[in-house]
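S.K.: Give me coordinates for this.
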Amino acid sequence: MSRMTFFELYKIWSRKNFLILIAVILIVNIFLLWYVNLSDGTKPELSSYKAFGKDLKQLSEKEKYEYIEKRYEDIQGIQEVNEILMCRSLGGEMGKALEKQKMQEHPGIYEKYYKRYQDRSYLKYTKSLEQENVLIHEIYEEMQKVFSYHCYIKGIQENKNNLGSISVFSKAKDDFSSRNIEKSAEDYSNLKNIRTKFYPSKGIISATENHISDILLVLSVFLFVGFLMQEEKEKRLFYIIRATAGGRMRCIVSKLLAVFLHCIGITVLMYGANLIFFAFAAGVGDLFRSIQSTVPLMESNLHLNMLEYIVLSIFTKAMVFFCLGAFLIFVTLLSKQSFIPYLVGGGMIGVGIVLYYYIPAYATVNWLKYLNIIGLLRTENIYGEYLNFNLFDYPVSRMILSLATILLYGFTGAFLSILSFVKWGKFENKKIRIELRLGYKPHRNLFRHESYKILVMNKALFVLLIFMALLGYRNLTAQYTPTPKENYYRSMMLELEGNLTPEKKKMIEAENSRYQKAFQKIEEINAMIASGEVKEKAGEIMKETYYSEVAFYPQFKRVLKQYDFVKKTNGKFIYDTGYLYLFGIIDTGLLSDFMLITICIILAFHNVMTMEHQRKSWNLIAATKKGKRCVVFRKILVCFIGTFLLALIPWASRLISIRKNYPMNGLMTPLRSIPNYMETNIDVAVICWVMASFLAEIIAVFLVMLIVFLLSAFMKNQLQVIFISVLLLLVPLVLKVMGFDFAGNCSLFPLYAMFP
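M.R.: Numbers count the residues shown, from 1 in each chain. Coordinates of the predicted model:
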């Protein structure tokens with residue numbers, strides 16, 4: 001039996017096509033994990049969680065609590081300063097009234113955190129106040145729950161004691177609620193001595209609770225069962241196999257065991273890759289800490305550490321996938337059409353999704369929500385949460401019932417598969433023929449013919465459309481939120497845009513005079529403190545008003561820089577922030593865009609030339625030098641058009657998103673009017689540099705395409721082309737993302753980003 005099982009397993013896993021599909025599934029999984037966790041400008045990056053976890057690693061639990069609480073207090077103060085400045089940026093009487101109200105609500109906060117707000121020293125883990133605020137709040141809330149775990153356990157026991165002390169309930173203990181409270185207290189009674197060890201849960205939870213991975217694993221089961229059963233049905237081999245001694249029972253059992261081993265192997269492979277990815281990207285912490293140390297799992301009543309939970313979770317998922325595979329084999333043996341098993345499998349998944357997401361957790365039939373295939377794949381609910389089902393007024397553990405259900409599903413699927421193979425099976429597929437009475441017209445135009453081969457036959461169009469949608473959506477939904485300082489700078493520069501006039505000069509000098517007077521007053525108060533005329537505390541109170549006056553002075557210095565340049569060169573004012581985002585001087589995720597574009601080009605065009613080698617078409621195409629030259633030129637032209645559109649989408653989407661919050665006027669203004677370019681000798685209009693930035697992106701993307709094209713021309717194996725392309729073009733970008741900045745210089749990214 002074991003020899004037959006491993007033969008069935010080897011028969012599928014040794015197939016080149018199947019291995020390529022599994023490799024694609026793994027690559028797609030890692031790619032989607034990376035893409036889904038890209039920051040949109042508001043949520044923190046994965047590296048922020050890793051950096052925070054690294055700072056916590058060497059601290060005791062008490063020190064962790066104090067450190068996180070201090071960071072939380074600081075970010076709260078910084079946020080208050082930001083809100084006060086936001087009120088001030090509104091201007092007018094209303095702005096002043098709101099500012100005064102805020103200052104009164106939080107006395108002393110502005111003075112305490114203003115300097116840190118100005119020098120941005122509070123940004124330890126992220127790139128913006130919004131991201132830092134989200135990160136600190138998320139970790140603070142997790143920390144509060146973990147450090148109050150023993151209070152949570154104590155509360156469960158108190159519920160039981162309170163129930164017993166109330167006479168009404170003490171007389172009637174035969175209902176579900178009272179029994180559930182008593183059972184909960186009993187189940188949690190052995191957890192009083194659990195030791196928690198705090199670490200941010202982002203990495204470990206993202207690695208183990210991943211719907212993308214589950215969907216791709218379901219696809220792998222569909223593929224394996226299809227390869228395992230459909231070919232033998234199509235070739236009618238089952239008639240021969242069943243005629244041999246022991247051919248019936250041993251054959252189907254070995255196939256079921258092969259599915260079981262495949263499910264375990266591919267689940268370990270997929271979730272192992274997830275753990276490695278998130279360990280490097282976000283950190284997973286100590287795997288030997290108790291499961292209750294991770295907030296989403298702290299309701300668990302099990303004595304498990306995180307490593308044991310991961311192993312148990314992976315094995316449980318593998319068992320659920322086996323149940324699905326066993327039912328697919330059963331349906332395959334009963335159906336005469338090859339598409340029926342996939343239709344039924346898809347239906348099972350669809351029904352599970354509907355039941356899980358639309359039945360409320362508090363419903364009397366909530367067991368339908370959790371005991372279907374989707375509910376059983378949520379192992380974080382099975383092992384990380386506590387729930388008892390109401391069965392005839394008796395509480396029954398969801399974990400026990402879930403595991404029993406998985407065993408029941410697996411046994412039922414295996415039994416029906418064996419029975420159908422021995423008794424009822426249909427061992428050949430009935431072909432369905434659909435005649436399309438559409439006349440085929442061959443391409444008489446060489447460009448159209450090569451476009452058809454590359455875009456349709458090689459599926460490049462499908463790849464391009466997917467990545468264009470990803471790039472467009474990512475850039476159109478990117479958040480560009482102006483700070484109070486930016487609002488002040490924007491309002492001033494929009495008034496000043498254009499040539500210098502006496503009115504504009506007067507406005508700048510008046511604003512500068514106001515700041516200088518405030519600074520002078522601060523210096524006078526400092527002198528009074530130094531001489532002892534005023535106590536330091538009283539002096540700080542006196543300076544509060546003047547600190548408020550100079551809050552936006554750093555932004556005003558940007559105005560002064562342009563003002564000095566305009567006076568010297570007779571130039572023009574321009575509001576430059578939008579252009580700084582567009583040119584990548586202020587980071588807008590250009591590296592992520594370039595990585596997506598590179599991946600797309602490799603997937604779309606790696607087979608442009610190798611397909612001719614595989615089909616030995618060059619023997620015909622190269623009959624004349626002109627024929628080969630024309631074909632190669634048309635291929636390059638098709639690829640260039642595809643890469644041009646691919647590069648256009650993120651650039652145009654980024655431009656649209658930036659313009660929503662940062663007006664981009666003065667296109668004919670000299671580029672040197674922008675402070676970042678004042679020291680350069682580039683004497684062109686801003687619009688020329690905008691087009692030059694787009695041209696640089698096009699050239700960089702075109703060079704990526706050209707490298708892939710040349711590799712495809714000189715290598716006859718498409719897997720080699722993909723491997724070498726990834727090594728040359730993608731690995732340096734990945735290393736740069738991981739913090740090895742020098743690796744970026746070994747790529748085309750500096751050209752794509754216009755050497756910011």
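
S.K.: What is the three-state secondary structure of the closest residue to residue 31 other than its chain neighbours?
M.R.: Spatial nearest neighbour of residue 31, excluding adjacent residues (CB to CB, 6 or more residues apart in numbering): residue 599 at 6.8 Å. The way it works is simple: take the backbone N, C-alpha and C, and place the C-beta from them, glycine included. Following DSSP: H, G, I helix; E, B strand; the rest coil, residue 599 is assigned to helix.

S.K.: In the stretch 501-650 of the chain, where is pLDDT below threshold?
M.R.: 544, 588, 613-627 (pLDDT under 70).

S.K.: ok so, going back, can you tell me how far the residue nearest to residue 31 sits from residue 290?
M.R.: 39 Å (CB to CB, to the nearest Å).

S.K.: pull the longest helix from this structure.
M.R.: helix 625-661 (DSSP state H).

S.K.: Toward the C-terminus, what is the element adjacent to it?
M.R.: Once helix 625-661 ends, the next helix or strand along the chain (criterion: DSSP states H and E) is helix 686-714.

S.K.: Give the other helices and strands that that following helix contacts.
M.R.: helix 577-582, helix 590-605, helix 625-661, helix 718-725, helix 749-752 (3 or more CB pairs under 8 Å, 6 or more residues apart in numbering; DSSP states H and E).

S.K.: Among these, which comes closest to residue 694?
M.R.: helix 625-661 (5.5 Å; CB to CB).

S.K.: in that closest one, what counts as buried?
M.R.: 631-632, 634-636, 638-640, 642-643, 646-651, 653-655, 657-658, 661 (16 or more other CB atoms under 10 Å).

S.K.: Same question for stretch 494-506.
M.R.: 496, 497, 500, 504.

S.K.: List just the nearest of those to residue 282.
M.R.: Once CB to CB is applied, the member of the buried residues of stretch 494-506 that ends up nearest residue 282 is residue 497, at 43.3 Å.

S.K.: what's the residue nearest to that closest one when sequence neighbours are not counted sitting at in phi/psi?
M.R.: Using CB to CB, 6+ apart and skipping the chain neighbours, the partner closest in space to residue 497 is residue 573 (5.2 Å). Main-chain dihedrals, residue 573, degrees, to the nearest 10: phi -80, psi 150.

S.K.: same check, this time on the one 3 residues further on
M.R.: In terms of degrees, to the nearest 10, the main-chain angles of residue 576 are phi -100, psi -10.

S.K.: Show me the helices in the stretch 151-300 of the chain, by range?
M.R.: In the stretch 151-300 of the chain, the segments counted as helices under DSSP state H, counting those that start in this stretch are 167-171, 176-188, 202-208, 211-234, 238-243, 249-281.

S.K.: Those: lowest mean pLDDT?
M.R.: Ranked by mean pLDDT, those end with helix 167-171 at the bottom, a mean of 47.

S.K.: these two touch, right, residue 518 and residue 551?
M.R.: No - applying CB atoms under 8 Å, one finds residue 518 not in contact with residue 551, separated by 9.8 Å.

S.K.: Between those two, point out the one with more neighbours.
M.R.: Between residue 518 and residue 551, counted using other CB atoms under 10 Å, residue 551 has the larger neighbour count: 22 against 19.

S.K.: isn't there a strand covering the more buried one?
M.R.: No - secondary structure assignment (three-state DSSP) places residue 551 in coil, not in a strand.

S.K.: just how off-centre is stretch 194-205 within its chain?
M.R.: Relative to its chain's centre, stretch 194-205 lies at 20 Å (CA atoms, centre = their mean, to the nearest Å).

S.K.: which residues are in contact with that stretch?
M.R.: 46, 49-50, 52-53, 56, 61, 64-65, 138-139, 142-143, 146-147, 149, 153, 278-279, 281-286, 289-290, 292-298, 303, 306, 380 (CB atoms under 8 Å, 6 or more residues apart in numbering).

S.K.: buried ones in it?
M.R.: Those would be 194, 196, 197, 198, 199, 200, 201, 202, 203, 204, 205, for stretch 194-205 by 16+ other CB under 10 Å.

S.K.: Next, the fifth one: phi, psi?
M.R.: Pointing back at residue 199 there. Dihedral angles (degrees, to the nearest 10) for residue 199: phi -160, psi 140.

S.K.: next one: the fourth one
M.R.: With angles defined as degrees, to the nearest 10, residue 198 shows backbone torsions of phi -70, psi 140.

S.K.: Need the per-residue pLDDT for it.
M.R.: 91.

S.K.: Skipping adjacent residues, who's closest to it in space?
M.R.: residue 146 (4.8 Å).

S.K.: What strand or helix carries the one you found?
M.R.: Going by DSSP H and E, residue 146 is part of helix 129-147.

S.K.: and that helix, average pLDDT?
M.R.: According to the model, helix 129-147 has a mean pLDDT of 90.

S.K.: Please apply the same query to stretch 3-17.
M.R.: 83.

S.K.: Kindly report the same for stretch 475-490.
M.R.: Mean predicted confidence for stretch 475-490 is 81.

S.K.: Show me which positions of that stretch end up buried.
M.R.: So for stretch 475-490, counting by 16+ other CB under 10 Å, buried means 475, 478, 480, 483, 484, 485, 486, 487, 488, 489, 490.
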